[in-house]
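Q: give me coordinates for this.
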Amino acid sequence: MPSSPALSTGSVTLRNARVPAAALGRVGDGSVETLDIVVAGGRIASIRPAGSAPVDGPSHDLDKGLVLPCLVDIHTHLDKGHIWPRKANPDGTWLGALLAVQSDRERRWAAGDVERRFDFALRCAYAHGTAAIRTHLDSAPPQHEISWALFETMRARWAGRIELQAVSIVGPDTLVTPGELDAVARQVKSSGGLLGGSVAVYERSKEAMLAVVDKAGELGLDLDLHTDETGDPAANALLHLAEAVLETGFAGKVMAGHCCVLTVQDERAVRRTIDKVVEAGIAIVSLPMCNLYLQDRESRGGAVRTPIRRGVTLLNEFKAAGATVAIASDNTRDPFYAYGDLDGIEVFREGARILHFDHPQEQAWDWLRAITSAPATHGGFAYRGVIAEGAAADLILCRARDWTELNARPQSDRIVLRAGRAIDQTLPDYRELDDLME
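A: Numbering: from 1, shown residues only. Here you go, the predicted model:
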């Protein structure tokens, strides 16, 4: 979509814009309205029915193209990003990814290396129209001292463009080792982050969840954990997390990601877990592209085998039960996911296909909240992920006019407005990172 001089001033009327009710903050409303959005001084001054009032000053006719709020990507791994060219996954499995990242981290993750890849990823996200990101940071000592100091630098550097949050990720053994958990948690507290970890099949799973919930409660931290990223039906980390929250009376916010094992457990186990999650007030984030890519791969002497159980969690069921739900990018060009570009429109488009939230069609647009206002609210971001009077005019303008047009193409011609002004959407060239791949 060609830009226009009117989109460079921060004061413009966006005429004939199609806006989903979900983007206006209306929960459970799948309708779309045709509106005029008046932007003044970089903020939304008014929202009114299209053509209902004279247009005063510069204007831009959307010709019934969709206008969406900028996006919220609440589960990413910016410290891992873009290492694939130097450290590919040897067999495509989750274990292969884990070991490849561990090797690369131990050899290469000095502050300068992480900083350049981190910044590259943020420039991609910004160009695509993301306004807020939460990243998990590998925090097994001594990496926590390097990555958290760098995160503080990047949070300050990107303030006003992308609002950043970070959460620690450590293995379950760290969670049940009091000294190590305390060291990580105090670093997180000092840096203004969230406490987290990763637990799947682990014989001390309940102990690990009680330990991390207790530590978060002691230090006044919110929680965000990787749970049950596995196809082994013996995993119960999400259930144990919900039980730990309820048993301790933990009052902070809790998010759980992946939750893949629910796709292979029986109906009784699934119902018990979902009910406990809702009772505990835990928000669920699905990572549809990464889980579809990684789950149910097996190494069989080089033989190719088509995966059957793809591990994408039961997000429709969680939403129907009353849980806060979100979708997010997860990994980007690293051993856990070889692709991706931190493009929230791609996540939304692929999420619709993978998670089947395109039906019933009259409710499909409500899922837009899963990558805008729902994670923004749960995460406590200053950016709210809605189109509202008084809010900053942080918007994505599309030529697509409806659901099928939006999701049929990658929307490469979108225009991103920040504070009402069209930004430079030139993506960084991968060649910038070539020297890091040697």
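Q: all strands of the stretch 251-400 of the chain, in order?
A: 254-258, 283-286, 325-327, 395-397 (DSSP state E, counting those that start in this stretch).
Q: wait, the stretch 1-150 of the chain
A: 12-20, 32-40, 43-49, 59-61, 67-69, 71-76, 130-138.
Q: give the buried residues for the fourth one.
A: Counting neighbours by 16 or more other C-beta atoms under 10 Å, one finds that the buried residues in strand 59-61 are 59-60. Every residue, glycine included, has its C-beta placed from N, CA and C.
Q: who are the packing partners of it?
A: Where contact means 3 or more C-beta pairs under 8 Å, 6 or more residues apart in numbering; DSSP states H and E, strand 59-61 is packed against strand 12-20.
Q: what average pLDDT does the strand it packs on get?
A: On average, the pLDDT along strand 12-20 is 98.
Q: let's see that strand as CSV, backbone CA atoms only.
A: Coordinates of each C-alpha in strand 12-20 appear next as CSV, following Å, rounded to 0.1, in the frame of the first residue of the first chain:
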residue,chain,number,x,y,z
VAL,A,12,-4.6,13.0,10.0
THR,A,13,-8.0,11.6,9.6
LEU,A,14,-8.0,7.9,8.5
ARG,A,15,-11.2,7.7,6.5
ASN,A,16,-13.2,4.6,5.7
ALA,A,17,-11.3,2.3,7.9
ARG,A,18,-12.6,-1.2,8.7
VAL,A,19,-12.0,-1.9,12.4
PRO,A,20,-12.8,-5.1,14.2
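Q: just list the residues touching the nearest residue to Glu346 once chain neighbours are set aside, thanks.
A: In space, and not counting its chain neighbours, Glu346 is closest to Pro410: 6.6 Å by C-beta to C-beta, 6 or more residues apart in numbering. Contact partners of Pro410, counting by C-beta atoms under 8 Å, 6 or more residues apart in numbering, are 343, 345-346, 349.
Q: dump the strands of the stretch 251-400 of the chain to a markdown table, plus mean pLDDT, distance to Arg26 and mean neighbour count.
A: As requested, the strands of the stretch 251-400 of the chain are arranged in a markdown table below (pLDDT from 0 to 100; distance: least, C-beta to C-beta, whole Å; neighbours: other C-beta atoms under 10 Å):
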| stretch | mean pLDDT | distance to Arg26 | mean neighbour count |
| --- | --- | --- | --- |
| strand 254-258 | 98 | 23 | 26 |
| strand 283-286 | 98 | 20 | 26 |
| strand 325-327 | 98 | 17 | 28 |
| strand 395-397 | 98 | 17 | 24 |
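Q: is it possible to export these to TSV including distance to Val114?
A: Formatted as TSV, the strands of the stretch 251-400 of the chain follow (distance: least, C-beta to C-beta, whole Å):
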stretch	distance to Val114
strand 254-258	21
strand 283-286	23
strand 325-327	25
strand 395-397	29
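Q: follow-up on the earlier one: could the strands of the stretch 1-150 of the chain go into a markdown table alongside distance to Gly196?
A: Formatted as a markdown table, the strands of the stretch 1-150 of the chain follow (distance: least, C-beta to C-beta, whole Å):
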| stretch | distance to Gly196 |
| --- | --- |
| strand 12-20 | 32 |
| strand 32-40 | 37 |
| strand 43-49 | 34 |
| strand 59-61 | 42 |
| strand 67-69 | 26 |
| strand 71-76 | 10 |
| strand 130-138 | 6 |
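Q: can you give me the helices for the stretch 201-350 of the chain?
A: 205-219, 237-248, 267-280, 288-294, 315-321, 344-355 (DSSP state H, counting those that start in this stretch).
Q: which secondary structure elements does the fourth one contact?
A: Counting by 3+ C-beta pairs under 8 Å, 6+ apart, the packing neighbours recorded for helix 288-294 are helix 344-355.
Q: which other helices and strands contact the helix it packs on?
A: By 3+ C-beta pairs under 8 Å, 6+ apart, helix 344-355 packs against strand 71-76, helix 111-128, helix 288-294, strand 325-327, helix 403-408.
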